[in-house]
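> what's the 3D shape of this:
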Amino acid sequence: MPPQIDHHFAWQPGQPVRLTEFAVEVAAQAMFTIAPDGQILNANRTACERLEYPREELVGLHVADIDPLYPRESWPAHFEELRQCGQAIFPTQHRTRSGRIIDVEVSVSYFEFEGKEYCCSSVRDISEQKRAESLARLQHDVLSLVASGEPQHHCLNRLCSLVEEIVPQSLASVMLLENADHCLRFEAGPRLTDEIREAFEPLPPGLHSGSCGAAAHLKRPVLVEDTRTSPHWARLQHVVDRFNLLACWSLPILCDGGRILGTFAISHSRTAVPDECEMELLETACSLASIPIRRSKEQEELQQRHNELAHFSRVSTMGEMVTSLAHELAQPLSAILNFSEACQARLLTVNADGVDQIARYVDQICQQGRRGGKILARMRDYVRRTSPRKSTCEISRMVTEALELVAHELRHRNVEVRIDKGESVVVQVDRVQIEQVIVNLVRNAADAMESVASDRRILDIRTFFSDGNVVLEFADRGPGISEDESDQIFSAFFTTKPSGTGMGLAICRTIIEDHGGVISVSNNELGGATFRVSIPLVEQEGPHGPQNDSVRR
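Below you'll find the predicted structure:
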């Protein structure tokens, strides 16, 4: 205890004892007289009311019975320190008769009276001050995590940890409602054990699904003082007995439209109802929990809209390419028909030589059939609406397969494609999305070279590895990019084409950024523009230490 005033107080006879005793009794602060062994000899009315004890029970208790921070074995040292310094002021906590913890500031003085030693304590309730500080810290820490872009799980776990610090011997948790089966599952709770998770999950919202299930069902707070007698817990008594969860206060987490997102809850191993301060804490924590949850939902919805837009762009691109694709399919189908008719004719005059020739025709039919099937499969994969799915892909192969989709169009527009594959690089990407970027950039280059002479319509595609990134470059020989265009070229709805939508390059940028990469454009010294796509090789933890998602061969 840090000394504040270093002096001893000695009793002087002749002072108005009765008036002093009455003043102590009616003082606004809790007052105690304590013996050297820590026994409470006297307590005024405020002390009895604040600690919820009748005077006859409070007098005779040890300081350790009301102050959990000063156990019996350490009291002699505390009293000796007080004897040396005379007075001290320090923060501590008092425990009420019902077990509630109160934050207090104690001003204690040592004195001697009629040859005996005592100390007198004046105790100020600082719960409101501590509560305000705790709530401010709670808000600051959680909002700082949200602002820094920390994942939802980290933000909610930090929130629960802080609440458990403010409410000792509690268990804080967040459950989220999953759309797949409309059940609640734990998203956060630092002190949750696997056994508790397994006992509750999945938890369907309902009146008899505990405090959280009822709060999600009713969309209002459910504050259960005693789970052993609450109808909300009637079907979960095996959980109550197993984990000694005797009280549970749960608040629903709602979105702006009133849709239930999940619940925030505090559980205790003792029966209890929240006081005014704890209720304010619950409401604040619930409000804070909704922020990272709603942010995550908004990001999911934004990603879904992006996926839908990317799908629409692929379908639109396929619509523009349908003539070319029809021509691509016409060739193998025509060959199949011709070879089939030749087989039929040859069968009429079959001989040994004819059998060999028919075998060659059948082989050609199979080859052309497989070719047509590959073209159809590529079309199907390209326009299929699927969620992003990363897989191991070889960059050069993706370039080759993407070019197959626009091969006829490039021939029709007299565009020569020259590919420098460099060393082979295997990466973890969404193949369909990266192929969409390649198709968009190739067609964009072809459009840019419409106005140049046909013998100069050359597109150079280069793939290589650089500084931990796989790089794709698309260099055309068009007019290049003006300064005004370079600032807006990747913006949505910006286009220099009379019939363009302005979404192609914007979607390319979003796809590449979703892969942690960068897309840029620059003008070439000899004319034209180069679009450069850079995708990082992401480190992942493997069974034998760090490994690369991307591998150079």
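
> so how far is stretch 30-40 off the chain centroid?
51 Å (C-alpha atoms, centre = their mean, to the nearest Å).

> what does stretch 470-489 give?
Mean-position distance between stretch 470-489 and its chain equals 36 Å (C-alpha atoms, centre = their mean).

> now do the same end-to-end measure for that stretch.
End-to-end distance for stretch 470-489: 23 Å, by C-alpha to C-alpha, to the nearest Å.

> Just the buried residues of it, please?
470-481, 489 (16 or more other C-beta atoms under 10 Å). Every C-beta, even on glycine, is put in place using the N, C-alpha and C of the backbone.

> min pLDDT across the residues you listed, which one?
When the buried residues of stretch 470-489 are compared by pLDDT, Ile489 scores lowest at 71.

> Is that residue in contact with Ser482, as I believe?
No. Judged on C-beta atoms under 8 Å, Ile489 makes no contact with Ser482 at a distance of 9.5 Å.

> Strands of the stretch 101-250 of the chain, start to end?
For the stretch 101-250 of the chain, the strands defined by DSSP state E, counting those that start in this stretch occupy 101-113, 116-125, 170-178, 183-188, 222-224, 247-254.

> got a markdown table for those, with mean pLDDT, mean neighbour count and distance to Val442 too?
Formatted as a markdown table, these follow (pLDDT from 0 to 100; neighbours: other C-beta atoms under 10 Å; distance: least, C-beta to C-beta, whole Å):
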| stretch | mean pLDDT | mean neighbour count | distance to Val442 |
| --- | --- | --- | --- |
| strand 101-113 | 90 | 17 | 68 |
| strand 116-125 | 92 | 18 | 74 |
| strand 170-178 | 91 | 23 | 41 |
| strand 183-188 | 92 | 20 | 43 |
| strand 222-224 | 93 | 23 | 59 |
| strand 247-254 | 92 | 24 | 47 |
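
> Show me the buried residues of stretch 470-489 that map onto strands.
With DSSP state E as the criterion, strands contain 470-475 from among the buried residues of stretch 470-489.

> Now render those as JSON lines, adding distance to Pro292.
What follows is those, written out as JSON lines (distance: C-beta to C-beta, whole Å):
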{"residue": "Val470", "distance to Pro292": "33"}
{"residue": "Val471", "distance to Pro292": "35"}
{"residue": "Leu472", "distance to Pro292": "35"}
{"residue": "Glu473", "distance to Pro292": "39"}
{"residue": "Phe474", "distance to Pro292": "39"}
{"residue": "Ala475", "distance to Pro292": "44"}
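
> if I pick Leu51, what's in contact with it?
Contact analysis of Leu51 by C-beta atoms under 8 Å, 6 or more residues apart in numbering lists 30, 43, 58, 66, 94-97.

> Return the member of these nearest to His217.
The closest of the contacts of Leu51 to His217 turns out to be Thr96 (C-beta to C-beta; 33.8 Å).

> tell me, how many neighbours does that closest one end up with?
The burial count assigned to Thr96 is 13, neighbours taken as other C-beta atoms under 10 Å.

> which phi and psi does it have?
phi -80, psi 170 (degrees, to the nearest 10).

> if I look at it, how far off is Ala247?
According to C-beta to C-beta, to the nearest Å, Thr96 stands 16 Å off from Ala247.
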